[in-house]
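Student: Following is a predicted model, sequence given first.
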Amino acid sequence: MEIIGEIQTIIYKNETNSYTIADFETNDELTTIVGYLPFVNSGDTLKLIGRFVEHKDYGRQFKIDTFEKIMPQTLGAIEKYLANSNIKGIGKAIAKKIVDKFGEETIYVFKNEPQRLAEVKGISISRAEEIAEEFMQNWEIWQIVGFLEKFGIGAEHAKKVFDLLGKNAIEQIESNPYILIDIARGVNFKQIDKMALDLGINYDNEKRIESGIKYALIRSTYNGHSCVLKTNLIQYVIELLDVQTENVEDGLINLRVKNEITIEEREKEEYVYLQNFYQVEEEIAYRIYTLQKARNTKKISHIEVELEKAEKDSDIKLSEKQKETVKLVNNNNVVIITGGPGTGKTTIIKTIIDIYESKGKKIVLCAPTGRAAKRMTETTGKEASTLHRLLEIGKFDEDSFYKNTSNYEGAPIDADIIIVDEMSMVDMFLMNYLLKCIYQGTKLILVGDVDQLASVGPGSVLKDLIDSEQIQTIHLDKIFRQAAKSKIVLNAHRVNKGEKFLSKEEMSDDLKEDFFFIKGNNEAKMLEEVISLCTGRLKNYGNFDFFQNIQVLSPTKKGLLGTKELNKALQERLNPNIHNLPEKASQGAIYRARR
């Protein structure tokens, strides 16, 4: 359904994705609205399309599907809009003067006679023109927002479209809808294509073919790929555009001539890259090679003696392969340490830290996620940070970051040795950015397991570096005695080999009771199983307290066994608000002090 009204109060707004909860007043009622509303402020008049839903904690709400910002309909609404910091330099006092002066003509004056704003005390002629221009620019952006909605392009891209195409953006898009492919991520190609065909563009039009190819390549990057087999790409584009093979071949030639794609032959197969993705891969290879070939200025003399000392100080007997790894790090600037759980990676990292810090070397530890960095800190006893924090990447334009990391210049990292854990989760763009921030002569140690979580962004950096055989790599495959007593570790290795879990016959008496496989196909029963395990059953196998050392992992957010419902069910059992504890509601969740 459709409702029209005015934003009264913004209760909550996520600055990253603009998810908003607000009080919204229509002619009939004051209601709560929830949804994504970028660039919207209190006092804005909106037309909302969505539906009323009943939230079990917060009651009746209007859930927004799409929206349109419209001109304020009343003098009060106009004054509120102008006073709400929508236009720089207009506060409450000036807004009231403007509306008092021009009344029903206020919008007309802004649009058609901006010089008349200088009739208001406190506004010069030059300022009047600036104010009017900003007012009209805001509304032009919102015309673009409404226009782009038809193509599945979110409002967050409207400003970018306006900045790149200017005031006649709509006219440019209508004359060549395919330009949107290059501007915004996540576009609905079929809708753009339909508009172009309706405008009379032929099926075999060059722009259409080239845009279809680029769209196919962009789509593949969303699945983590940096390039696509040429034969697969051609088949996909033929089906997408309903054209002939020759049309796609010609399009590939044109894009290659325009330096928008690269085609590379490897192992008698041709792979097609978007040009910036190929460039980033080249940059990673060049920077890794340069770092590797730099003078080894951090090498320590008599490493054998230092290893013996480290063993004595830590009271740990290193295996020959662990010693070999430390020597490899000492003799090379870039080293990869890879292996599954329980193979001694953490012991090696701690030994490297002990040896090099004893020689006055500065070591920096980092990982791609907050959880991985925290785990690294706990296991080594040395503070680790996320890569984003280390590289000082705060809020950034994801589109631009993925298009060209060369635009992002980071400060060099002050370190003699940089150790990156959980490298399997590092994508190609983050890796390139990291390498740009490393001094020549710094040692770089990449630690990870290719069978662990892959990166969300494009590229398989760790796997590709190992497969290249150009970087010194140590493969750890021995499961150490303590880890070998864990059924979790043993079963993890069996899964990686394509084997089934340990059977009762294969289990020895000294194995820890730390792994149970409970099979079920009833969601409600499995939820009760989870709650039962978290509220006491696990204490039969150790000192497990939910708030101290239990985590519940789910592969989905939705459904009875998704993270949202699991959190609510666990909170209700483990921390019910029977003592009127302080709590705060945010984005459909309740955060409560622990009793």
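Tutor: Here it is on my side, so go on.
Student: Check for me that residue 117 belongs to a helix.
Tutor: Yes - using DSSP: H, G, I helix; E, B strand; the rest coil, the assignment for residue 117 is a helix.
Student: which residues touch it?
Tutor: Residue 117 makes contact with 98, 109, 110, 123, 127, 128, 131, 132, according to Cβ atoms under 8 Å, 6 or more residues apart in numbering. Yep, even glycine has a C-beta here, placed from its N, CA and C like the rest.
Student: now do residue 496
Tutor: So residue 496 contacts 340, 451 (Cβ under 8 Å, 6+ apart).
Student: Over to residue 487: give its phi and psi.
Tutor: In this entry, residue 487 is assigned phi and psi values of phi -70, psi -30 (degrees, to the nearest 10).
Student: Would you agree it is in contact with residue 511?
Tutor: Yes - with contact defined as Cβ atoms under 8 Å, residue 487 reaches residue 511; the gap is 5.5 Å.
Student: list residues touching both of these two?
Tutor: By Cβ under 8 Å, 6+ apart, the residues touching both residue 487 and residue 511 are residue 502.
Student: Filter the contacts of residue 117 down to just the ones in strands.
Tutor: Secondary structure defined by DSSP state E assigns none of those to strands.
Student: Just send those back as TSV, with pLDDT, neighbour count and distance to residue 285 too.
Tutor: Putting those into TSV (pLDDT from 0 to 100; neighbours: other Cβ atoms under 10 Å; distance: Cβ to Cβ, whole Å) gives the following:
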residue	pLDDT	neighbour count	distance to residue 285
98	91	24	60
109	89	21	60
110	86	25	55
123	89	19	58
127	86	16	54
128	88	20	57
131	85	23	52
132	85	20	53
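Student: and which of those is nearest residue 83?
Tutor: Of all these, residue 98 has the smallest distance to residue 83: 9.6 Å, by Cβ to Cβ.
Student: quick one, what contacts the residue lying closest to that closest one once chain neighbours are set aside?
Tutor: The shortest distance from residue 98 to any residue other than its chain neighbours is 5.6 Å, reached at residue 120 (Cβ to Cβ, 6 or more residues apart in numbering). The contact partners of residue 120, taken as Cβ under 8 Å, 6+ apart, are 94, 97, 98, 101.
Student: any idea how far the third one is from residue 89?
Tutor: Residue 98 sits 12 Å away from residue 89 when distances are taken as Cβ to Cβ, to the nearest Å.
Student: hang on, isn't residue 13 packed against residue 33?
Tutor: No - checked against Cβ under 8 Å, the pair residue 13 and residue 33 is beyond contact range at 12.0 Å.
Student: between the two, what contacts are shared?
Tutor: When contacts are counted by Cβ under 8 Å, 6+ apart, the set common to residue 13 and residue 33 consists of 20, 21.
Student: and those two? which has more neighbours close in?
Tutor: Between residue 13 and residue 33, counting by other Cβ atoms under 10 Å, residue 33 is the more crowded of the two (22 against 16).
Student: Quick check: which ranges of the protein have low pLDDT?
Tutor: Regions of the chain meeting the criterion pLDDT under 70 cover residues 16-17, 73, 85-86, 149-159, 184-186, 394-409, 481-484, 509, 587-588.
Student: Quick one: classify residue 584 as helix, strand or coil.
Tutor: strand.
Student: give me every residue that touches it.
Tutor: Taking Cβ under 8 Å, 6+ apart as the definition, contacts of residue 584 comprise 590, 591, 592.
Student: Pull stretch 101-116 out as CSV, backbone CA atoms only.
Tutor: Output for stretch 101-116, consisting of C-alpha atoms alone and laid out as CSV, is shown next (Å, rounded to 0.1, in the frame of the first residue of the first chain):
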residue,chain,number,x,y,z
LYS,A,101,7.9,36.3,3.4
PHE,A,102,6.9,34.2,0.5
GLY,A,103,4.2,31.9,1.9
GLU,A,104,2.7,29.7,-0.8
GLU,A,105,5.2,31.0,-3.3
THR,A,106,8.2,29.7,-1.4
ILE,A,107,8.9,26.7,-3.6
TYR,A,108,8.2,28.8,-6.8
VAL,A,109,10.8,31.4,-5.6
PHE,A,110,13.4,28.7,-5.0
LYS,A,111,12.9,27.2,-8.4
ASN,A,112,12.2,30.2,-10.6
GLU,A,113,13.2,33.5,-8.9
PRO,A,114,16.1,32.7,-6.6
GLN,A,115,17.3,36.3,-6.5
ARG,A,116,14.2,37.2,-4.5
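Student: What ranges does the stretch 301-450 of the chain have for its strands?
Tutor: 334-339, 363-367, 384-386, 417-420, 443-448 (DSSP state E, counting those that start in this stretch).
Student: How much space separates residue 447 from residue 370?
Tutor: Taking Cβ to Cβ, one finds residue 447 at 17 Å from residue 370.
Student: same thing with residue 141?
Tutor: Between residue 141 and residue 370 the computed distance is 35 Å (Cβ to Cβ).
Student: what about those two, which has more around it?
Tutor: With neighbours defined as other Cβ under 10 Å, residue 141 and residue 370 compare such that residue 141 has more, 18 against 12.
Student: I'd guess the more buried one is in a strand, am I close?
Tutor: No - counting by three-state DSSP, residue 141 is located in no strand; its state is helix.
Student: Residue 39 is in contact with that one, correct?
Tutor: Yes - contact criterion Cβ under 8 Å: residue 141 and residue 39 qualify, at 7.4 Å.
Student: circling back: take the contacts of residue 117 and lay them out in JSON lines including distance to residue 230.
Tutor: Compiled in JSON lines, the contacts of residue 117 are given as follows (distance: Cβ to Cβ, whole Å):
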{"residue": "98", "distance to residue 230": "61"}
{"residue": "109", "distance to residue 230": "59"}
{"residue": "110", "distance to residue 230": "54"}
{"residue": "123", "distance to residue 230": "61"}
{"residue": "127", "distance to residue 230": "58"}
{"residue": "128", "distance to residue 230": "58"}
{"residue": "131", "distance to residue 230": "54"}
{"residue": "132", "distance to residue 230": "53"}
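Student: Just the closest of those residues to residue 502, please.
Tutor: Proximity of those to residue 502 was ranked by Cβ to Cβ; the top entry is residue 131 with 73.5 Å.
Student: Contacts only, for the closest one.
Tutor: Listed by Cβ under 8 Å, 6+ apart, the contact set of residue 131 reads 87, 89, 90, 110, 114, 117, 123.
Student: any idea how far the fifth one is from residue 103?
Tutor: In other words, residue 114. Distance check for residue 114 against residue 103: by Cβ to Cβ, it reads 17 Å.
Student: out of those two, which sits in the more crowded spot?
Tutor: When neighbours are counted by other Cβ under 10 Å, residue 114 comes out ahead of the other of residue 114 and residue 103, with 18 against 11.
Student: Can you give me the distance of the more buried one to residue 133?
Tutor: With distances defined as Cβ to Cβ, the gap from residue 114 to residue 133 amounts to 7 Å.
Student: got it, and residue 530?
Tutor: When Cβ to Cβ is applied, the distance between residue 530 and residue 133 equals 58 Å.
Student: Tell me which of those two has more neighbours.
Tutor: Legend: neighbour count by other Cβ under 10 Å for residue 530 and residue 133, higher for residue 530 (16 against 13).
Student: Skipping its backbone neighbours, what lies nearest the more buried one in space?
Tutor: Once flanking residues are discounted, residue 530 sits nearest to residue 552: 6.2 Å by Cβ to Cβ, 6+ apart.
Student: Now do the contacts for that neighbour.
Tutor: 530, 534, 566, 570.
Student: Show me those that map onto helices.
Tutor: 530, 534, 566, 570 (DSSP state H).
Student: In contact with the residue lying closest to the second one once chain neighbours are set aside, which residues are there?
Tutor: Closest residue in space to residue 534, ignoring its immediate chain neighbours: residue 546 at 5.0 Å, by Cβ to Cβ, 6+ apart. Contacts here follow Cβ under 8 Å, 6+ apart; on that basis residue 546 touches 534, 535, 570, 574.
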